[in-house]
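# sequence and predicted structure below; questions after.
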Amino acid sequence: MANEWVEAAAPLQPQSIQLAPLEQYSPRLFISAVLCFHIPPSSPFFAEDIYSRLRVGLSRTLVQVPVLAGRIYNSAEADGKATIRIHSNARVEFSFRHYTSGDLLAPYSFARLKVQQFPIFSPTCLTIDLLPVSPVVADDSPVFVARASFIDGGLLLAFGVSHAIADGTSVGIIQKIWAHHTRNAKTAMPSVLSPLPFDKDRARLFHGNNHGTLSAMSPWRICDRSWNAPLSLKTLETAAATQLPQDASWSIGPHRSKAIWCFSPEKLQELKQCASTQDPSQWISTYDAVAALIWQRAAIARRLGSRGYLTARCCIPVDVRQLLHPPLHSEFVGNAVDTMFAEHPTSELKRPSLDLLPALAQKIHNARRNWRLSDWQSLVGIVGSLPAHQTLSMDFLPGDDPSIVVIDASKLPSYQLDWGEGLGLIHHFRALDLDSDGSISPVSIACILPKRPDGGLEVMTIFSDEVVQTLKADSNFTSFAAYRCGKSPRPMALL
């Protein structure tokens, strides 16, 4: 199809949107995902027909979420801070690819991907470009981009949205709206299709106070540099020399391996029991239990204690939509996430048994529960009062530092959304890691993917290859988590 651009189904109001104080410090990356649909050979629906309905659905989605049609600029009139501009002729790129069995560029069929447990980790991991976007959100970058890749027996629907204006919850909201409008693409568009609450709710992200200090539980620190720009080799070397332990074994831009692990419903129940105490007042969530297990076993695999680190940190993103006063709208699209953390001595984490899990799970649970609106407002106020030569930096060291980030996307409705005729429900959800070699943000990450229809969970981990191999051999870890698929790093120079 020649036209790979989609305009809103109704005129959009041209406007400029300034990022909120903390959004200015969001990673300049795209949050990206692939929705894997099974389309059997007997399906009466052609790829072109399905793509056409997806286009209609997306055009109506742009009316409800106009910011998706914007572009990100480093605006001079806003003191160099990023702004999003929506032009009168705004549109988004939504490209179409159709690979047949005879196409040498696409050796993958849906059946083969299913057998291999859908090893989809980056836009190019299947020898085809799943998403037409670069890893870094540069000046004049789109807010949203998508591509529909039809293969034998299925569709890989990939999309990316700028992390500066969207968090994980926003990704779920966008999927929900797009699925709804695609399902109803053959019906006339409602005469009144109002945008979701945006401006009024966004104003609350700017509310700070001028008399606060950084909370001791905040991972943010004031410094004379920003890690949001792509890291140069010289910058990394300087950080290594000044911030890491003397005897730390550190490599610049460590290549990372991605892996998918599966927790069945039965194993999740066993894990939660193992990580719980007998005290009913110390209730923990499934997230707390899974995060505690990954935190401890990864710390052992990474040999943090023997490398000079006294403590290990588990960083926990917190959705603040319902924690602000008054709460944000439940379908607010934006970046409304704060980060808390839990710490524990590495000397205890290296114990091979699982008897430490209850203490770790409780620490993670308490870290989330200890979020305070006053701390958030202080942080927002501090951002607005920093002198020009100072900025905020998330307290992650470049390289293989002792922190691990455990992201919870389990509540996203991905598996519950009906996309209509020819598509129905998705078969698998995969998150894309656009920073494929770890040169932009070399942080150890575990992302809990949307809950599967059977109640189980899949977790994508991004660790060094050595850590992944160690976890595969760790019986205490694999007694709960089954290895599904992975992708080892490929040699790549850090320029």
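Looks like it came in fine.
# ranking helices and strands of the protein by mean pLDDT, which lands last?
For the chain, using mean pLDDT, DSSP states H and E, the weakest element among its helices and strands is helix 233-243, scoring a mean of 36.
# which SSE is immediately downstream of it?
With elements assigned by DSSP states H and E, the helix or strand that comes after helix 233-243 is strand 257-263.
# any idea of the mean pLDDT in that following strand?
Here strand 257-263 scores 95 as its mean pLDDT.
# show me what counts as buried in the helix or strand that comes right after that strand.
For strand 257-263, the following helix or strand on the C-terminal side (DSSP H and E) is helix 265-274. Neighbour-count burial for helix 265-274 flags 267-268, 271-272, 274 (criterion: 16 or more other CB atoms under 10 Å). The way it works is simple: take the backbone N, C-alpha and C, and place the C-beta from them, glycine included.
# any idea how far Trp178 is from Leu68?
Distance of Leu68 to Trp178, computed by CB to CB, to the nearest Å: 10 Å.
# shared neighbours of these two, which are they?
Shared contacts of Leu68 and Trp178 (CB atoms under 8 Å, 6 or more residues apart in numbering): Thr61.
# neighbour count for those two, which is higher?
With neighbours defined as other CB atoms under 10 Å, Leu68 and Trp178 compare such that Leu68 has more, 29 against 25.
# quick one: residues in contact with the helix or strand in which Ala431 is found.
In this assignment (DSSP H and E), Ala431 forms part of strand 428-432. For strand 428-432, contacts defined as CB under 8 Å, 6+ apart pick out 32-36, 114, 118, 120-123, 130-131, 158, 160, 409, 412, 414-415, 447, 449-450, 460.
# report all helices and strands that whichever helix or strand comes after it contacts.
For strand 428-432, the following helix or strand on the C-terminal side (DSSP H and E) is strand 444-448. On a contact count with 3 or more CB pairs under 8 Å, 6 or more residues apart in numbering; DSSP states H and E, strand 444-448 meets helix 286-301, strand 403-408, strand 457-463.
# could I get the average pLDDT for the longest helix seen in the chain?
Longest helix of the chain, by residue count under DSSP state H: helix 47-64. When pLDDT is averaged along helix 47-64, the result is 96.
# what are the buried residues along that helix?
47, 50-51, 53-64.
# re earlier: who does the strand holding Ala431 pair with, and is each partner parallel or antiparallel?
Take DSSP bridges as the rule and strand 428-432 pairs in its sheet with strand 30-38 (antiparallel).
# between helix 47-64 and the partner strand, find me the angle.
With axes from the mean of the first three to the mean of the last three CA atoms, to 10 degrees as the basis, strand 30-38 and helix 47-64 are set at 140 degrees to each other.
# buried residues in stretch 459-470, which are they?
Buried residues in stretch 459-470 (16+ other CB under 10 Å): 459-465, 467-470.
# stretch 304-320 now?
Burial within stretch 304-320, assessed by neighbour count using 16+ other CB under 10 Å, is assigned to 304-305, 307, 309, 312-320.
# Glu331 is in contact with Ile173, isn't it?
Yes - under the criterion of CB atoms under 8 Å, Glu331 makes contact with Ile173 at 5.1 Å.
# those two: which is more packed in?
Ile173 (23 against 19).
# next one, pLDDT for the more buried one please.
Listed pLDDT for Ile173 reads 96.
# equivalent analysis for Ile222, please.
78.
# contacting residues around it?
Listed by CB under 8 Å, 6+ apart, the contact partners of Ile222 are 214, 382, 386, 390-393.
# ok so it is a helix residue?
No - under DSSP: H, G, I helix; E, B strand; the rest coil, Ile222 sits outside any helix and is assigned strand.
# for it, which residues make a bridge with it?
Note on Ile222: beta-bridge partners Leu392, judged by DSSP bridges.
# any idea how far it is from Ile448?
Using CB to CB, one obtains 31 Å as the distance from Ile222 to Ile448.
# with Leu457 instead?
6 Å.
# now do the shared contacts for the two.
In contact with both Leu457 and Ile448: 290, 410, using CB under 8 Å, 6+ apart.
# okay, now the closest residue to Leu349 other than its chain neighbours: neighbour count?
Closest residue to Leu349 apart from its sequence neighbours, by CB to CB, 6 or more residues apart in numbering: Ala299 at 4.3 Å. For Ala299, the count of nearby residues is 25 (other CB under 10 Å).
# and for Gln278?
Gln278 has 6 nearby residues by other CB under 10 Å.
# okay, it: pLDDT?
On pLDDT, Gln278 comes in at 84.
# and what of Gly208?
The model reports Gly208 with a pLDDT of 87.
# am I right that it is in contact with Leu373?
No - using CB under 8 Å, Gly208 makes no contact with Leu373, being 10.9 Å away.
# which of these two has more residues huddled nearby?
Comparing Gly208 with Leu373 by other CB under 10 Å, the one with more neighbours is Gly208, at 19 against 12.
# could you look up the SS state of the more buried one?
Assigned by three-state DSSP, the conformation of Gly208 is coil.
# list the contacts for it?
By CB under 8 Å, 6+ apart, Gly208 lies in contact with 21, 377-384.
# now swap in Glu93 and tell me
Going by CB under 8 Å, 6+ apart, Glu93 touches 4-6, 132, 142, 145-146.
# likewise for Glu458?
Glu458 sits next to 260-263, 448-449, 452, 484 when contact means CB under 8 Å, 6+ apart.
# domains of the chain?
The record assigns the chain these domain ranges, following the TED database: 5-186+197-205, 215-231+254-411+438-487.
# let's have those domains in TSV, adding distance to Gly422.
TSV is the format used below for the domains of the chain (distance: least, CB to CB, whole Å):
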stretch	distance to Gly422
domain 5-186+197-205	3
domain 215-231+254-411+438-487	20
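# which strand or helix spans Val380?
According to DSSP H and E, Val380 maps onto helix 373-385.
# got the buried residues for that helix?
375-383.
# ok, residues contacting stretch 112-121?
Here stretch 112-121 makes contact (CB under 8 Å, 6+ apart) with 34, 36, 125-126, 130, 151, 154, 156, 258, 260, 427-428, 430, 432-433, 436, 460, 484-487.
# repeat that for stretch 309-318.
167-168, 219, 245, 248, 291, 295, 299, 304, 337-347, 349, 360, 363-364, 367-368, 371, 396, 402-408.
# equivalent analysis for stretch 410-424, please.
33, 35, 37, 39, 43-45, 49-50, 53, 155, 168-169, 171-172, 175-176, 179-180, 182-185, 286-287, 425-426, 429, 448-453, 457.
# kindly report the same for stretch 52-63.
Outside stretch 52-63, the residues within contact range by CB under 8 Å, 6+ apart are 6-10, 12, 68-69, 90, 92, 94, 146, 148, 157, 174, 177-186, 189, 193, 195, 420-422.
# just the buried ones among the residues you listed, please.
If you count burial by 16+ other CB under 10 Å, the buried members of these come out as 6-10, 12, 68-69, 90, 92, 94, 146, 148, 157, 174, 177-185, 195, 420-422.
# so which of those are in strands?
Among these, DSSP state E puts 6-7, 92, 94, 146, 148, 157 in strands.
# in this structure Ser378 contacts Asp338, no?
No - with contact defined as CB under 8 Å, Ser378 does not count as touching Asp338 (11.5 Å).
# pick out whichever of the buried residues of stretch 459-470 sits closest to Leu354.
Among the buried residues of stretch 459-470, Thr470 lies closest to Leu354 (CB to CB), at 16.1 Å.
# for that closest one, which non-adjacent residue is closest in space?
Nearest to Thr470 is Ala301, by CB to CB, 6+ apart, at 3.8 Å.
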